[in-house]
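Enquirer: fold the stuff below for me.
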Amino acid sequence: MELKDHILNIVDKHIYEKAEDFPTKNIKIISLKEDPILISALFFDKENEREFHIIIDEEQKEIFHDCPSFLIYSDIEKKLCAHVIKLLMILQTEEAIKILKEIHSYKLTSEDFGSEKKRKNFELIASQCFEDKGSIIEGLTYLNKAIISEFDCEPTIKKYLTIALKNELLIEFFEFLKNGYKNNLNKYFKQNEVLIEKGFRTFLKTIDHYSFYNLLRIIDYLNSITSYKDLDFLSENVQEFKDMINSKNLNLKYFAIYFIKKNYEKLVQINEKFKSIITQNNLEDLKKQILSHFFEEIEDFCIIEKLKLMRSQFDVLGIPKEQYEKTYQNYKREIKSLEKAVYLKKFAFLKLLMDKYDVKKTKINFKKKRNIYIVDHNEENLQNPVYKYIIRKLGFFGEERKSSAIKSSDLGVNYFIIRELFLDDLTQLSDIFYYKKQFWGDEEYQIRVRDGFPLLRNDIDYSYEIEQDYSNENVMIIEWDLAKNPIKGSLINASSSQIMIPNQNNPLFHDLKPFDLCYCIKRPVKIEANTIKIINVITKCSFKDAIRSVSQGMEFIEGYGYPLSLVKAVIKKYINPFEAHKIVMHNPNKEFIPDYKKFMKEFQKFLFEYINEEKDYIFEELKKDPSNNVEQIIILLNLSNNLSGMNLPYSQIIGKIISEESTIDTFKKTFLKQIHKYIRNLLNKGAIGSTSVFNLRKMKNTPFIKYSKKISALRKKEFEENPVYKRHNTFDIKEIKKTYYGWNIANILKWVKKDLLSLKEFSKFRDMAEKLNLEITLR
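Expert: Next up, the predicted model:
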């Protein structure tokens with residue numbers, strides 16, 4: 001029995017299919033030990049927008065998983081969700097089958113006393129990230145997640161602060177402190193006062209290194225921190241603050257004046273010299289400068305978060321609201337309109353795909369179940385890969401044929417494209433209209449298909465020859481995908497264990513399209529809410545560059561379009577190149593993925609080069625199952641052209657001569673000798689119709705064309721020696737049809753299924769034979 005059969009003996013088919021569809025890129029294998037098996041993994045489930053832990057412990061006969069199915073159900077058949085099945089699919093087949101055979105002796109649990117299992121998992125991932133300089137910020141994110149409770153978290157806190165400080169990640173350093181103080185970690189921070197104060201002093205020396213936006217963010221964190229933390233350690237820094245106040249650098253001046261104004265009483269208490277350090281002229285000059293900067297940022301269309309931070313800090317500086325509030329609110333409304341425009345552009349792109357690839361408008365019968373709707377998708381549409389792509393981008397989740405569902409909020413936000421896609425009357429579904437009004441207001445919008453055209457990539461544009469060699473340590477490749485929910489004005493994102501979006505301040509931001517492959521900086525600009533990474537894009541890259549870089553070990557985030565994971569799978573020898581080629585060629589999405597044929601061409605070049613370099617290894621793999629690898633063996637031996645025009649029983653020939661000891665060179669010589677021997681035997685026996693396995697026209701440029709005269713002579717002889725029988729006014733061609741020429745003449749005249757011919761029909765048959773210089777024996 002195969003692994004699939006073992007799985008289907010335990011769970012329903014829809015669970016198996018859901019597991020098959022779960023993206024491998026959204027899984028982190030944290031640790032894996034064999035004999036006995038002990039595997040820990042983290043699943044990022046986009047449908048539930050959360051992470052799930054799995055630990056399979058063969059020795060303890062336990063599977064830990066914090067998925068709702070483990071908590072809700074008692075039967076093993078229902079507890080085993082798509083996450084666990086997917087993890088078993090990733091394991092070696094023998095190991096997975098062994099676990100499934102013994103599954104009823106396993107304890108399936110979601111119990112995690114003190115969240116110890118999850119804490120350990122997060123710490124392991126963090127440690128793995130810290131080994132890669134480009135993943136330090138991601139490592140800090142996981143280390144932060146490891147602080148699940150206050151119990152025994154001081155070593156983790158100290159480790160976080162130490163690593164952040166060592167790598168000069170002061171934004172993360174202060175954000176961690178801000179959140180920690182709010183979450184009652186004060187007593188642990190007191191044990192790390194030296195580190196915290198060292199971080200602050202380091203920051204004072206590097207203020208001018210930060211963008212003004214990042215400075216505002218750090219100040220925002222410090223506003224919370226200083227309400228818990230004393231400032232005694234700054235008593236000797238008066239002159240340093242004075243120098244900053246009088247600096248021409250906006251960062252230094254702004255921070256010094258703001259920080260003193262905000263913490264005036266505390267600072268004066270530790271050193272009275274802080275009392276007169278800011279003159280009225282200093283303050284008024286800064287107010288004018290910062291207000292001017294505020295309006296310039298609005299003119300330059302800056303991100304709303306920056307304006308929010310500046311606005312929140314104006315009170316401390318004494319800037320009256322009437323000087324900026326009206327302009328700010330107008331800009332905020334403009335940003336909201338642009339957010340709607342981003343969604344409308346997404347809808348236009350999806351409508352364009354619907355029209356271009358013949359997606360049918362159907363009824364799917366929305367049925368309310370708590371805060372979601374269960375639907376029945378049209379079977380014909382489910383055969384269309386474009387339809388499946390569209391519904392995923394609108395928020396539908398679950399097994400498409402049985403329990404596909406969508407949240408009320410997603411229906412409301414996507415209302416205008418939903419009504420274009422389905423015939424259902426949504427006007428009676430009040431919760432959908434609540435979410436629609438909340439996002440769109442009372443205005444009705446029309447989708448203009450032409451607005452989707454800019455998101456289609458032009459064929460001639462997708463070729464970027466890259467001269468620069470990008471370091472695998474600092475750079476990765478991302479395939480951008482159309483976002484389900486656009487974040488920060490970005491129509492695209494990518495997902496692995498976290499969601500990634502391009503940096504809005506990057507010059508390429510507005511040029512990026514779904515399915516674009518790009519070189520990106522590994523180290524994120526920022527990680528928001530522990531799950532959203534903001535990434536800097538370097539440049540777009542060609543298929544040739546992407547395949548080359550991945551083959552050389554560069555990390556990548558695979559999207560919906562181009563299966564770069566197959567490059568890695570071939571290089572790592574997880575899959576043979578012929579199987580990889582078959583997967584790429586038969587990708588059901590290839591019809592609508594931009595320039596997929598160009599990707600296939602470059603992938604085939606990569607496979608050709610790989611096969612040439614790894615012939616011996618590939619031959620050893622193919623030898624294990626020669627009967628199912630005949631075509632691959634012929635390609636590997638570079639005999640496809642030499643064997644053109646011959647339909648011989650190659651499987652039988654190969655099976656007789658191949659052995660474990662065969663090398664590729666000796667086997668090729670033996671194989672060719674056996675083919676010559678087979679042809680000579682076939683011609684010597686002269687069996688009727690046996691030469692139909694030869695196509696002399698296609699054999700013209702092969703070494704086997706030397707048999708052409710014998711083949712032609714045998715064909716003529718068998719035709720002329722097999723008679724046509726005359727019976728009254730009919731002619732029986734049953735016997736002569738068994739010959740090469742007889743069958744072909746009958747086929748041309750469309751009489752393959754006909755044995756008896758009339759005189760008129762026989763005359764046509766005879767005329768054609770005469771044109772071929774063939775004589776008919778009539779009896």
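
Enquirer: got phi/psi on Ser758?
Expert: Backbone torsions for Ser758, taken as degrees, to the nearest 10, come to phi -80, psi 170.

Enquirer: in terms of contact, does it touch Asp732 like I think?
Expert: No - here Ser758 lies out of contact with Asp732, judged by CB atoms under 8 Å, at a distance of 11.9 Å. Glycine gets a C-beta too; all of them are placed from N, C-alpha and C.

Enquirer: who has more neighbours, the two?
Expert: Set Ser758 next to Asp732 and count neighbours by other CB atoms under 10 Å: Asp732 wins out with 17 against 11.

Enquirer: and the residue nearest to Ile417 when sequence neighbours are not counted, how far is that from Leu353?
Expert: The shortest distance from Ile417 to any non-neighbouring residue, by CB to CB, 6 or more residues apart in numbering, is to Phe347 (4.1 Å). Distance of Phe347 to Leu353, computed by CB to CB, to the nearest Å: 11 Å.

Enquirer: what segments of the stretch 601-750 of the chain are helices?
Expert: 615-623, 630-636, 650-657, 664-685, 708-721, 740-748 (DSSP state H, counting those that start in this stretch).

Enquirer: reformat those as a markdown table; add mean neighbour count and distance to Asn263.
Expert: Output for the helices of the stretch 601-750 of the chain, formatted as a markdown table (neighbours: other CB atoms under 10 Å; distance: least, CB to CB, whole Å):
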| stretch | mean neighbour count | distance to Asn263 |
| --- | --- | --- |
| helix 615-623 | 17 | 67 |
| helix 630-636 | 19 | 73 |
| helix 650-657 | 15 | 83 |
| helix 664-685 | 15 | 76 |
| helix 708-721 | 17 | 98 |
| helix 740-748 | 19 | 96 |
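
Enquirer: need the longest helix for this protein.
Expert: helix 325-356 (DSSP state H).

Enquirer: strand partners of the next helix or strand after that one, parallel vs antiparallel please.
Expert: Next along the chain after helix 325-356, taking DSSP states H and E as the criterion, comes strand 367-369. Counting by DSSP bridges, the strands paired with strand 367-369 are strand 372-374 (antiparallel).

Enquirer: distance from the partner strand to the middle of the chain?
Expert: The chain centroid and the centroid of strand 372-374 are separated by 26 Å under CA atoms, centre = their mean, to the nearest Å.

Enquirer: re the thing from before, how close does the residue nearest to Ile417 sit to Gly452?
Expert: For Phe347, the distance to Gly452 - CB to CB - is 8 Å.

Enquirer: give me the more crowded residue out of these two.
Expert: Neighbour count, other CB under 10 Å: between Phe347 and Gly452, Phe347 has more, with 25 against 22.

Enquirer: touching, the more buried one and Phe416? I think so.
Expert: Yes - the pair Phe347 / Phe416 is scored as a contact, 5.8 Å apart, by CB under 8 Å.

Enquirer: tell me, what's touching the two both at once?
Expert: Ile447 (CB atoms under 8 Å, 6 or more residues apart in numbering).

Enquirer: just for the stretch 1-150 of the chain, where's the confidence low?
Expert: Scanning the stretch 1-150 of the chain for pLDDT under 70 picks out the ranges 46-48.

Enquirer: let's see that with 90 instead.
Expert: Along the stretch 1-150 of the chain, segments meeting pLDDT under 90 span 1-4, 12-28, 34-36, 44-51, 67-79, 90-94, 110-116, 131-135, 138, 148-150.

Enquirer: rewinding a little: report the buried residues of the longest helix of the chain.
Expert: Buried residues in helix 325-356, defined by neighbour count with 16 or more other CB atoms under 10 Å: 328, 331, 340, 342-354.

Enquirer: wait, which of those residues is closest to Ser409?
Expert: Tyr343 (13.3 Å; CB to CB).

Enquirer: distance-wise, check that closest one relative to Gly561.
Expert: In terms of CB to CB, Tyr343 sits 22 Å off from Gly561.

Enquirer: give me the contacts around stretch 651-664.
Expert: Residues outside stretch 651-664 that contact it (CB under 8 Å, 6+ apart) are 615-616, 619, 623, 626-627, 630, 633, 636-637, 667, 670-671, 674-675, 678.

Enquirer: max pairwise distance over those: which two?
Expert: Checking the contacts of stretch 651-664 with CB to CB, the most distant pair is Asp616 and Tyr678, at 26.4 Å.

Enquirer: what about the nearest residue to Phe667 once chain neighbours are set aside, neighbour count?
Expert: In space, and not counting its chain neighbours, Phe667 is closest to Ile658: 6.5 Å by CB to CB, 6+ apart. For Ile658, the neighbour count with other CB under 10 Å is 18.

Enquirer: and Ile658, what pLDDT?
Expert: The per-residue pLDDT reported for Ile658 equals 86.

Enquirer: which positions in the helix or strand hosting Leu87 come out as buried?
Expert: Using DSSP H and E, the element containing Leu87 is helix 82-90. Within helix 82-90, the residues scored as buried using 16+ other CB under 10 Å are Ala82, His83, Val84, Ile85, Lys86, Leu87, Leu88, Met89.

Enquirer: show me this protein divided up by domain.
Expert: Taking automatic domain parsing as the domain assignment, the ranges for the chain are 3-111, 334-454, 457-613, 616-703.

Enquirer: turn these into a markdown table, including distance to Asp300.
Expert: Output for the domains of the chain, formatted as a markdown table (distance: least, CB to CB, whole Å):
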| stretch | distance to Asp300 |
| --- | --- |
| domain 3-111 | 33 |
| domain 334-454 | 13 |
| domain 457-613 | 10 |
| domain 616-703 | 57 |
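
Enquirer: ok and the one helix or strand Glu94 maps to relative to helix 82-90, angle-wise?
Expert: Assigned by DSSP H and E, Glu94 falls within helix 93-101. Angle, helix 93-101 to helix 82-90, by axes from the mean of the first three to the mean of the last three CA atoms, to 10 degrees: 140 degrees.

Enquirer: CA atoms of helix 93-101 as CSV?
Expert: Output of helix 93-101 as CSV, limited to C-alpha atoms (Å, rounded to 0.1, in the frame of the first residue of the first chain):
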residue,chain,number,x,y,z
THR,A,93,7.3,7.4,3.3
GLU,A,94,8.4,4.5,5.5
GLU,A,95,8.4,6.6,8.6
ALA,A,96,5.0,8.1,7.8
ILE,A,97,3.4,4.7,7.1
LYS,A,98,4.9,3.3,10.4
ILE,A,99,3.2,6.2,12.4
LEU,A,100,-0.1,5.7,10.6
LYS,A,101,-0.1,1.9,11.3
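
Enquirer: how far off centre is stretch 93-113?
Expert: The answer for stretch 93-113 is 28 Å, by CA atoms, centre = their mean.
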